[in-house]
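Engineer: show me how the following folds:
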Amino acid sequence: MTRTPSTGSASALPYHVPVMADEVVRWMADCPDGPLVDGTLGGGGHTAALAAATPADRPLVGVDQDGAALREARARLADAGELPQRLKLLQGSFADLRALLDAAGVPTEHGVAGILLDLGVSSHQLDAAERGFGLKHSDAPLDMRMDRDSQRPTAADLLDTWSEDELAQVLREFGEVQGARGVARALKRARAEGRLSTTGDLARVVESVQKPRRMRPGLHPATTVFQALRIAVNDELTALDRALSEAPELLCEGGRLVVLSYHSLEDRRVKQAFREGERGPERPGHLPPPSEWTQRWRVLTSKPISASDEEIRVNPRARSARLRVAERAPLVARRRP
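Structural biologist: Residues are numbered from 1 along each chain as shown. Have a look, this model is predicted:
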């Protein structure tokens, strides 16, 4: 998703230059022939960069579940002259990429040349007060849905329905929140007493129970609580797992999956999926992979790539970005029964 301006030179969109645009273009522009899919369109910065760097006959697809972001990206891309006929914009989650591409007439059975997933929350969503994604707008409602037109429960709904045990588990697993049990207890109590209805309320409740020794320098103690709730509301890790599982079936031989993650929960999943797709399931070192296993990935980044110091200086949000790339391994003909 598009974030605040960086020093990348690839995009023509002045206020929506994405994180690590040049790296993304470097890994995707020389994919085999076929469509390139930006599974997290956001403000359209990565898609604009790819449009500028690839031949005019290369099909491009932009996908985003946020209808508002999709409308704004369409307008910005058109204004910047980056909305060619070869570009299709689709609304939906990258977890449902096959169905979305099928419906749009894009070849899916090993027909896609490259897929980009830029995970996390876009600047547009962070800046929109009604979203309630963070601390910036203290009077924002506890919504946190990526798609506000969906029927998905809001953060407020889940705070009402989860037990204290369930909330504590979410905070531990999705936010690695220190003292998760005490935070969960305080949030449930405040909600029951009518003291928890905005993002500012949430921040104050967390501050009241988090000990100073548990706070990371420069990080508000509620930051990881917001992260945990947002991940749960949008079921983000399940969506990522589905996309990682489906991508090898969509990509042609030599096609690439490029993933930008922003916290360790995402990055570990990407690393594990790539490693298993390249080496097989984990097992004792002396054992070969199972006979039914076939290689799906060839990992191209032995370590994740980070943003440059200059980009981080201009855009501090790029500091946590980690980019990993894998290439679809040669396709193996299925054996006849």
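
Engineer: need the contact list for the residue most central in space within the chain.
Structural biologist: Residue closest to the average C-alpha location in the chain (CA atoms, centre = their mean): Leu119, at 1.5 Å. By CB atoms under 8 Å, 6 or more residues apart in numbering, the contact list for Leu119 reads Met1, Thr40, Glu236, Leu240, Val259, Leu260, Ser261, Tyr262, Glu266. C-betas here are computed from N, CA, C, even on glycine.

Engineer: by pLDDT, give me the weakest of those residues.
Structural biologist: Lowest pLDDT of the contacts of Leu119: Met1, 42.

Engineer: for the stretch 101-250 of the chain, which segments count as helices?
Structural biologist: For the stretch 101-250 of the chain, the helices defined by DSSP state H, counting those that start in this stretch cover 123-127, 155-161, 164-175, 180-192, 199-209, 223-234, 236-250.

Engineer: and these as a markdown table, adding mean neighbour count and distance to Phe274?
Structural biologist: Converted to a markdown table, the helices of the stretch 101-250 of the chain look like this (neighbours: other CB atoms under 10 Å; distance: least, CB to CB, whole Å):
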| stretch | mean neighbour count | distance to Phe274 |
| --- | --- | --- |
| helix 123-127 | 18 | 27 |
| helix 155-161 | 17 | 31 |
| helix 164-175 | 18 | 22 |
| helix 180-192 | 19 | 30 |
| helix 199-209 | 19 | 35 |
| helix 223-234 | 23 | 21 |
| helix 236-250 | 19 | 8 |
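
Engineer: got those helices as a markdown table, with distance to Ser302 columns?
Structural biologist: Output for the helices of the stretch 101-250 of the chain, formatted as a markdown table (distance: least, CB to CB, whole Å):
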| stretch | distance to Ser302 |
| --- | --- |
| helix 123-127 | 30 |
| helix 155-161 | 38 |
| helix 164-175 | 28 |
| helix 180-192 | 34 |
| helix 199-209 | 38 |
| helix 223-234 | 28 |
| helix 236-250 | 18 |
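
Engineer: looking at the ones you listed, which is closest to Pro59?
Structural biologist: Nearest to Pro59, of all the helices of the stretch 101-250 of the chain, is helix 236-250, at 13.7 Å by CB to CB.

Engineer: tell me the first helix or strand C-terminal of that closest one.
Structural biologist: Proceeding N to C from helix 236-250, the next assigned helix or strand is strand 251-261, under DSSP states H and E.

Engineer: am I right that Leu90 is in a strand?
Structural biologist: Yes: under DSSP: H, G, I helix; E, B strand; the rest coil, Leu90 falls within a strand.

Engineer: state the distance from the closest residue to Gly39 other than its chain neighbours to Glu282.
Structural biologist: The shortest distance from Gly39 to any non-neighbouring residue, by CB to CB, 6 or more residues apart in numbering, is to Phe94 (3.5 Å). The spacing between Phe94 and Glu282, counted by CB to CB, to the nearest Å, is 26 Å.

Engineer: neighbours of the spatially closest residue to Pro288 that is not a sequence neighbour, how many?
Structural biologist: In space, and not counting its chain neighbours, Pro288 is closest to Gly280: 8.0 Å by CB to CB, 6+ apart. Using other CB atoms under 10 Å, the number of residues around Gly280 comes to 16.

Engineer: could you do the one 5 residues further on as well?
Structural biologist: Close neighbours of Gly285, defined as other CB under 10 Å, add up to 5.

Engineer: quick check: which element contains it?
Structural biologist: In the assignment (DSSP H and E), Gly285 maps to no helix and no strand.

Engineer: look at Phe94 and Glu282 and report which has more neighbours.
Structural biologist: Phe94 (25 against 9).

Engineer: so the more buried one sits right up against Ser245, yeah?
Structural biologist: No: using CB atoms under 8 Å as the test, Phe94 is too far from Ser245 to be in contact (11.9 Å).

Engineer: okay, Leu244: pLDDT?
Structural biologist: The predicted local confidence for Leu244 is 97.

Engineer: oh, I was asking about Pro290
Structural biologist: pLDDT, Pro290: 89.
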